[in-house]
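[1] Fold the following, please.
(one chain, ligands or ions: 1)
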Amino acid sequence: MNTNLLRLSLSLILIAISASFALADDSKKTTVADAAVTKITILGTDQMKFNLSEIKVKKGAKIELTMKHDGKLPVNVMGHNFVLLKQGVDLAKFAMEAMKGKDSGYVLPSQIKDVIAKTDLVGGGASTTITFDAPAPGTYDFLCTFPGHYAMMKGKFIVE
Ligand code: CO
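    Sure, this is the predicted structure:
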């Protein structure tokens, strides 16, 4: 390594160290981690719809996803959740099986192996938030598993 390169590297290290001190100071006012978190809010409606049919995130992202029920109907009538499936899982088959899981938010314990992330089931006016790491780059299916909803309430979750 020549001298100039060495100097440059040392300067960069010093800049990095200063930067981390600066971040540490900021953390008293704001949460530093938040800057690196991708926040997503998805709405479910009384018309049995999500407001998003596609969600795009960057690889390696920490995701904070809020599922908000924007309607008024109760959870037992028009419940919504957000369930992100692993690749290769058949969405329709998963949804049909999930209907048997009334006592576990319409995802059976035996189905957890097929799930990357899921929220609780919410009714009108309620919301729920989860955090998870973006899976490997690719395209994934998400759906609401409340009985009969998956045909209308589904979309693509894309990691770039
Ligand atoms: Co639903």
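[2] domains in the protein, as residue ranges please.
    With domains defined by automatic domain parsing, the chain comprises 1-33, 36-159.
[3] In terms of helix, strand or coil, where does the nearest residue to Asn51 once chain neighbours are set aside fall?
    Using CB to CB, 6 or more residues apart in numbering and skipping the chain neighbours, the partner closest in space to Asn51 is Leu43 (4.2 Å). In short, each C-beta sits where N, CA and C put it, glycine included. Reducing the assignment at Leu43 to three states with DSSP: H, G, I helix; E, B strand; the rest coil gives strand.
[4] residues contacting Leu43?
    50-52, 68-70 (CB atoms under 8 Å, 6 or more residues apart in numbering).
[5] pLDDT value on the residue most central in space within the chain, please?
    By CA atoms, centre = their mean, the mean C-alpha position of the chain lies nearest to Leu65, the distance being 4.3 Å. Here, the pLDDT recorded for Leu65 equals 98.
[6] And what about it, helix, strand or coil?
    strand.
[7] wouldn't it be in contact with Thr128 here?
    No: checked against CB atoms under 8 Å, the pair Leu65 and Thr128 is beyond contact range at 9.3 Å.
[8] Around the ion, pick out the residues from the chain.
    80, 144, 146, 149, 153 (CB under 5 Å from the ion).
[9] Top of these by number of neighbours, please.
    Using other CB atoms under 10 Å as the neighbour criterion, His80 leads the residues of the chain next to the ion with 32 neighbours.
[10] Identify the residues contacting it.
    By CB under 8 Å, 6+ apart, the neighbours of His80 are 44, 50, 67, 69, 121-122, 144, 146, 149, 153.
[11] so it bridges to which residues?
    Under DSSP bridges, the beta-bridge partners of His80 are Val122.
[12] For the residue nearest to Asn51, name its beta-bridge partners.
    Under the criterion used here (DSSP bridges), Leu43 is bridged to Lys68.
[13] Next, work out how far apart it and the ion are.
    Plainly put, Leu43 is 11 Å away from the ion if you go by CB to the ion, to the nearest Å.
[14] Name the SS class of the closest residue to Lys72 other than its chain neighbours, please.
    Of all residues not flanking Lys72 in the chain, Gly124 sits nearest, at 4.1 Å (CB to CB, 6+ apart). Following three-state DSSP, the label given to Gly124 is coil.
[15] What separation is there between Gly124 and the ion?
    For Gly124, the distance to the ion - CB to the ion - is 11 Å.
[16] and that residue, what pLDDT?
    98.
[17] Can you list the buried residues in stretch 136-153?
    Residues of stretch 136-153 classed as buried by neighbour count (16 or more other CB atoms under 10 Å): 140-146, 149-150, 153.
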